[in-house]
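Any chance you could fold what I've pasted below:
(one chain, ligands or ions: 1)
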Amino acid sequence: ILDWSWPEDTGGRKDVSFTVLCKRCRQGQRVCEACRSNVRFLPRAAGLQNTTVTVGDLLAHTNYTFEIEAQNGVSQLAPTMRQYAAVTITTNQAAPSPVTVIRKDRTSRNSISLSWLEPERPNGIILDYEVKYYQKQEQETSYTILRSKGCNVTLGGLKADTAYLLQIRARTAAGYGASSRSFEFETSPDSFSISSESSQVVLIAISSSVAIILLTVLLYVVIGRFCGYSKSKQPDEKRLHFGNGHLRLPGIRTYVDPHTYEDPSQAVHEFAKELDASCIAIDKVVGAGEFGEVCSGRLRLPNKKEICVAIKTLKAGYTDKQRRDFLSEASIMGQFDHPNIIRLEGVVTRSKPVMIVTEYMENGSLDSFLKKHDAQFTGIQLVGMLRGIASGMRYLSDMGYVHRDLAARNILVNSNLVCKVSDFGLSRVLEDDPEAAYTTRGGKIPIRWTAPEAISYRKFTSASDAWSYGIVLWEVMSYGERPYWEMSNQDVIKAVDEGYRLPPPMDCPAALYQLMLDCWQKERNNRPKFEQIVSILDKLIRNPGSLKITANTSSRPANLLLDRSSSEVVPSLDTMGDWLDSVRTLPCKEAFSGVSYSSCDTLPKTSAEDLKKVGVTIVGPQKNIVSSIKALESHSKNGPVPV
Ligand code: ACK
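A predicted model of the protein is given here:
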């Protein structure tokens, strides 16, 4: 959306209009070309009466220059050069299109070499490719993932004479593109056969090798015991999966719990880079964390460009446990590499204060960001943010990491509206969260965001993260409203257990409300997986018209929450009465019938006390009632809506 100001001098005429010229500028080229005709201008590109235009159908990750020229009836006669204001922008990266061409370069009994062509539309800088493969007969129940920076890979350790299926997808900063179609290949047959004469020799050779290996293992174990050497298995397993410059992920569990290390500070150095404090400049304090201040600043590494960073500090006087817990977040974060997960730059542990340095997110946490920009985003923008969060969560669940504290306050937003999951930790996550409350079983849990099975018997899984995602969805669509408003934690637990669910936020698209209800299924196996959530949101983004059907509930007895079993997402309501019925603010509606008010603008100024005097009790947020009356008024040709 381009906006500009009126020219300082209209030439003394009233017939001023504006023309927008679009140019596409390729990287490194000085001359730009006119944009293709498929770039759309709303309302149009020429003869604009207002000082704004919406430009659509631009390509991702492309430089555009827009020249805006004011003209009046005599502009053609002016001898001077064209005068215009210009703005150059680069569109954000998007997910790449699928890889379509895959070539088999070489096969052997237990390996295959492949290469492929870059996707037709990279839509950004390709960070890497994910190659997923599995034995055809195992039907994807167990698969291996390899990451490759280039367009070729060699898969080793395969079974001879076996059919495999393989898919490749590319990744840009905006996330993964769709996977390629399945590519089938077979390894060569096992030709290892020996004659009976030579078999004895081979058998002896094999037996001696086995004996040597066994002896070595025995020695290793004995020496290990003597030296008091013992270490968790998992980190070693993980290290084994690195090879040929690729991160190899067998199956899906690759997250390593730093608590499996006997010495957690070893885990930090395994997963996080130690930074020299002299490379960090602290600018200002931006917030407070459980362990100390959160600051913004800059990080300049040798031979690298300076970047903005957030710096979490550990306050002086900490205990050993506090230091361990503080740094466990870095050990976890350092294992992730995804555009929707906050990126760890490194840690400072060898000097004081101890620090965790991450990328800087200009717009801070999502809950306060949404409250600050109430009703200012389009549906597509909100779904874009939600898609990012779901994509980050899909990555975490693929890694076998359960977040346990997914909430809008733990999502950070950067200047491009990209949302990233943050706040990692183990026990710390919940200790740190002011929303977390002690349950009867002694655990500390953010009740409003947590699935019933996690509250009652601490069953935290990716399915309980999906429940929390449903709550984040509700928070986003209601611009940072507090889930269940001021109900007490005990009442929330009881209501949810009885089958009640949050109602749709005002103007919430039906498809998104349905997704929330699906995430809040009591039976955790019926909740959507993050993979499915991402694909549902992608479909909505591709078909923005689907967001126009909004969800409201059918008339039912007055109750703040919705019963999941009988909730039906029905199309939007047209009249004020319908809407008030739908949110079941019946006393409010009746009272309003007796109170004349000239415009909804007076309503926010009416205090809850005054409303009480005329018998009105506001259930749910007054803000929502006011904004919906405003919305109805703006649609009504006759001004204020009579109530
Ligand atoms: O809403 P905020 O401004 O965003 O206030 C909180 C505060 O620190 C305490 O957590 C802000 N914060 C945390 N991490 C980052 C980051 N990586 N970039 C910018 N702000 C951050 C958060």
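
only C-alpha atoms for contact and neighbour calcs from this point on.
Will do.

host element of the residue in the stretch 451-600 of the chain positioned nearest to the ligand?
Closest to the ligand within the stretch 451-600 of the chain is G480: 12.0 Å, counting by Cα to the nearest ligand atom. Using DSSP states H and E, G480 falls within no helix or strand.

Near the ligand, which residues of the protein are found?
With Cα under 6 Å from any ligand atom as the criterion, the chain meets the ligand at residues 286-289, 294, 310, 358-362, 364-365, 368.

Helix, strand or coil: sort out the most centrally placed residue in the chain for me.
Residue closest to the average C-alpha location in the chain (Cα atoms, centre = their mean): I389, at 2.0 Å. When classified by DSSP: H, G, I helix; E, B strand; the rest coil, I389 comes out as helix.

and it, what does it touch?
340, 411, 419-421 (Cα atoms under 8 Å, 6 or more residues apart in numbering).

and which of these is nearest to G12?
Nearest to G12 among these, counting by Cα to Cα, is C419 at 48.0 Å.

separation between that closest one and L370?
Using Cα to Cα, to the nearest Å, one obtains 12 Å as the distance from C419 to L370.

Please identify which of the two sits among more neighbours.
Neighbour tally, C419 and L370, criterion other Cα atoms under 10 Å: the higher count belongs to C419, 30 against 22.

can you count the residues close to the spatially closest residue to the more buried one that is not a sequence neighbour?
Residue nearest to C419 in three dimensions, not counting chain neighbours: V413, with 4.6 Å by Cα to Cα, 6 or more residues apart in numbering. Neighbours of V413 under the rule other Cα under 10 Å: 22.

For V413, which residues are in contact?
Residues counted as contacts of V413 (Cα under 8 Å, 6+ apart) are 361-366, 369, 419-420.

Contact partners for the closest residue to E481 other than its chain neighbours?
Nearest non-adjacent residue to E481, counting by Cα to Cα, 6+ apart: E475, 5.7 Å away. Going by Cα under 8 Å, 6+ apart, E475 touches 367, 408, 481-483.

Neighbour count added to the residues you listed, as a markdown table?
Output for the contacts of E475, formatted as a markdown table (neighbours: other Cα atoms under 10 Å):
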| residue | neighbour count |
| --- | --- |
| D367 | 22 |
| A408 | 27 |
| E481 | 20 |
| R482 | 15 |
| P483 | 16 |
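
closest to T260 among the contacts of I389?
Closest to T260, out of all of the contacts of I389 and judged by Cα to Cα, is V421, at 23.6 Å.

close enough to count as contact, the closest one and R409?
No: counting by Cα atoms under 8 Å, V421 does not reach R409; the two are 9.7 Å apart.

which one of those two has more residues nearby?
Neighbour comparison, V421 and R409: the larger count goes to V421, with 29 against 21 (by other Cα under 10 Å).

sorry, back to before: I'd like to know how far the residue nearest to C419 sits from A277.
26 Å.

which residues sit in contact with the residue nearest to M361 when sequence neighbours are not counted?
Take M361 and drop its neighbours on the chain: the residue closest to it by Cα to Cα, 6+ apart is N414, 4.3 Å away. For N414, the contact set (Cα under 8 Å, 6+ apart) comprises 360-364.

Leaving out sequence neighbours, find the closest residue to W6.
That would be T51: by Cα to Cα, 6+ apart, it lies 6.9 Å from W6.

State the distance from the one you found to the ligand.
33 Å (Cα to the nearest ligand atom, to the nearest Å).

quick one on the thing from earlier: and the residue nearest to E481, what element?
Counting by DSSP H and E, E475 is part of helix 462-477.

Just give the number of residues close to W6.
Using other Cα under 10 Å, W6 has 13 other residues around it.

and what of V472?
By the measure other Cα under 10 Å, the count of residues near V472 is 26.

in stretch 266-284, what counts as buried?
Residues 267-277, 280-281 are the ones in stretch 266-284 that count as buried (16 or more other Cα atoms under 10 Å).

One more: stretch 179-188?
Using 16+ other Cα under 10 Å as the test for burial, stretch 179-188 gives 179-181, 185-188.

Okay, now the unreliable bits of the protein?
The model of the chain has pLDDT under 70 over residues 28, 140, 190-253, 264, 426-434, 437-443, 552-643.

Next step: the contacts of N414 restricted to strands.
Among these, no member is found in strands (DSSP state E).

Present these as CSV; the columns should include neighbour count.
Shown next, in CSV, are these (neighbours: other Cα under 10 Å):
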residue, neighbour count
Y360, 22
M361, 22
E362, 16
N363, 17
G364, 19
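
Closest one of those to Q83?
Set against Q83, the nearest of these by Cα to Cα is E362 (34.8 Å).

Quick check: the gap between the closest one and S296.
To S296, E362 is 9 Å away according to Cα to Cα.

do the same with I536
I536 is 36 Å from S296, where distance means Cα to Cα.

And for V101?
If you go by Cα to Cα, the gap between V101 and S296 works out to 45 Å.
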